[in-house]
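Student: Sequence and predicted structure, then a few things I'm wondering about:
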Amino acid sequence: QVQLVESGGGLVQAGGSLRLSCATSGITFSSRAMAWFRQAPGKEREFVAVMRRSGSTYHADSVKDRFAISRDNAKNTVYLQMNSLKPEDTAVYYCAAGRLLATVVVVTQESEYVYWGQGTQVTVST
């Protein structure tokens, strides 16, 4: 059974930090790219960061130098460390898994990812 379960969201003041986790099962974790997306109220879901199977990463310009994606293949878990949070980072954050043994080409495209978690809310107050 495939499961992606996000945790670590919450309410934080601007300038603060949070670390999101996405624990997975049933997906052969180490053989997939893993990504984070987010959806703010009234907006479309947008790409945040991806870590490919090789370990290479790519972050959206809006979060570059503030957020960092990482993964622990032994724990089948992907993380998103978020620092210097801003009110505009308020959103539901989703983790997503790419296709088995496939290279994610257009990392920002949702169709590149086949499994999704249910999301965790992050709220940044002023």
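Tutor: Cool, the structure landed. Numbering: from 1, shown residues only.

Student: Return the residues in contact with residue 72.
Tutor: Contact partners of residue 72, counting by C-beta atoms under 8 Å, 6 or more residues apart in numbering, are 78, 79. C-beta here means a position set from N, CA and C on the backbone, and glycine is covered the same way.

Student: Who is it paired with across the strands?
Tutor: Beta bridges link residue 72 to residue 77 when assigned by DSSP bridges.

Student: For this protein, which residues score under the pLDDT cut-off?
Tutor: In the prediction, the chain carries no residues with pLDDT under 70.

Student: how close does the residue lying closest to residue 50 once chain neighbours are set aside sit to residue 124?
Tutor: For residue 50, ignoring the flanking residues on the chain, the nearest one in space by C-beta to C-beta, 6 or more residues apart in numbering is residue 35 at 4.0 Å. For residue 35, the distance to residue 124 (C-beta to C-beta, to the nearest Å) stands at 21 Å.

Student: Show me which of the two is the more surrounded one.
Tutor: Each of residue 35 and residue 124 has its neighbours counted (other C-beta atoms under 10 Å); residue 35 has more, 29 against 19.
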